[in-house]
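Visitor: What follows is a predicted protein model with its sequence.
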Amino acid sequence: MVTMKDMSKLFKRFVLGVIIILGLVVFFKNFSLSSKKSIGLQSYLKNYNVVQAKSFEISGKEFLAVGFLTKDNKVPASILEIFQDKNGRLSSVYKFSPIVPKEVDYPSPLMVEEIVLLQNAKDKVLLTKWGETGADWFGTHPIVTGYKDGVFEVMSFYEGNLADDPKIKNSSWTTKDFVVKNFYNSSESAKTILTQGIEKGFATIDLTFFADSNCHACSHRPVTLNMPLK
C-alpha cells in the first residue's frame with residue numbers, strides 16, 4: 001500500500017493546495033503539467049473525481065497512475081491516466097478508457113474502481129478493476145497495463161476464453177470474454193471478462209467467479225482461477 005509519505009515524495013513539488021483523502025476518493029488541487037498537449041489536473045477536476053492514485057517507479061523514473069470518474073456524464077466516463085515526473089513537473093504520458101463492444105450490451109460504460117501495482121511480473125505494471133453499474137451485471141473486470149520499451153499499453157494477460165473453463169462455463173453468472181479498445185487509441189486493445197472478485201497473488205492474478213446459477217441474494221459457490229503473471 002502506498003503511504004502518504006510515499007505519495008508526498010512524488011507530490012512535494014506539485015502540491016499548492018490541500019490533499020484530502022476520504023475512503024477511496026482523493027481530491028487533487030493546483031498541479032501544473034509540463035506537456036501543453038495534455039489536460040491539466042485542474043481542468044480534469046472540473047468534470048471528474050479522482051477515484052484512486054498510486055505512485056510507482058520504473059528504472060529510476062517516477063510515475064503516478066490516477067483513476068478518474070465523471071461527475072456529469074462526460075465522455076469518456078472513466079479514465080486511467082499515467083503521469084511522469086519530468087524535471088519537477090507532472091507530464092501526462094498515457095491515457096486509457098475502455099470501449100466495450102456493442103454486442104456485450106452493457107447499459108453503462110465501465111468505471112475504474114481500483115488500481116493495483118503489480119510486482120513479480122516482467123512487463124506488467126498495473127492491474128485495474130473496472131465495474132459495470134447495470135443491475136443485471138454484478139462484478140468487476142480486470143485490465144492489465146504493461147510497460148515495454150518506454151511505452152505503456154494495456155494487454156491481455158491470459159490466453160483463450162475463461163468463460164469456457166469447465167469450472168464455470170455452466171454457471172448462469174458466467175458471461176463471455178470480450179475485447180475492449182482504448183478510447184484514445186483504437187489500435188490498442190485487451191481481453192477481459194466479468195468476474196465476482198479480483199485479487200493480486202504473489203505471481204498471479206486471481207479471478208473469482210460464482211460457479212452456480214443461484215439468485216443475486218442467494219449464497220454462492222465461488223471458484224478462483226489463478227492467472228500466472230509471466
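Guide: Received, thanks. Residues are numbered from 1 along each chain as shown.

Visitor: going forward, measure contacts between C-alpha atoms and count neighbours the same way
Guide: Will do.

Visitor: and the host helix or strand of His141, which residues are buried?
Guide: Here His141 sits within strand 140-148, counting by DSSP states H and E. Residues of strand 140-148 classed as buried by neighbour count (16 or more other C-alpha atoms under 10 Å): Thr140, His141, Pro142, Ile143, Val144, Thr145, Gly146, Tyr147.

Visitor: and if you look at stretch 52-65?
Guide: Under 16+ other C-alpha under 10 Å, the buried positions of stretch 52-65 are Gln52, Ala53, Lys54, Ser55, Phe56, Glu62, Phe63, Leu64, Ala65.

Visitor: Kindly report the same for stretch 125-141.
Guide: So, applying 16+ other C-alpha under 10 Å, buried residues of stretch 125-141: 125-133, 137, 139-141.

Visitor: With pLDDT as added columns, please give these in CSV.
Guide: Shown next, in CSV, are those (pLDDT from 0 to 100):
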residue, pLDDT
Val125, 93
Leu126, 97
Leu127, 97
Thr128, 98
Lys129, 97
Trp130, 97
Gly131, 94
Glu132, 83
Thr133, 68
Trp137, 63
Gly139, 89
Thr140, 94
His141, 97
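
Visitor: Next step: the residues you listed restricted to helices.
Guide: Of the positions in the buried residues of stretch 125-141, not one sits in helices, assigned by DSSP state H.

Visitor: Closest to Lys230 out of these?
Guide: Closest to Lys230 out of those is Val125 (11.7 Å), distances taken as C-alpha to C-alpha.

Visitor: Give the closest residue to that closest one in space, chain neighbours not counted.
Guide: Counting by C-alpha to C-alpha, 6 or more residues apart in numbering, Val125 lies nearest to Leu118, which is 4.9 Å off, once chain neighbours are set aside.

Visitor: Pull the contacting residues for the one you found.
Guide: Counting by C-alpha atoms under 8 Å, 6 or more residues apart in numbering, Leu118 touches Lys124, Val125, Leu126, Leu127, Lys200.

Visitor: the helices in this structure, which residues?
Guide: Ranges of helices in the chain, per DSSP H, are 4-11, 41-47.
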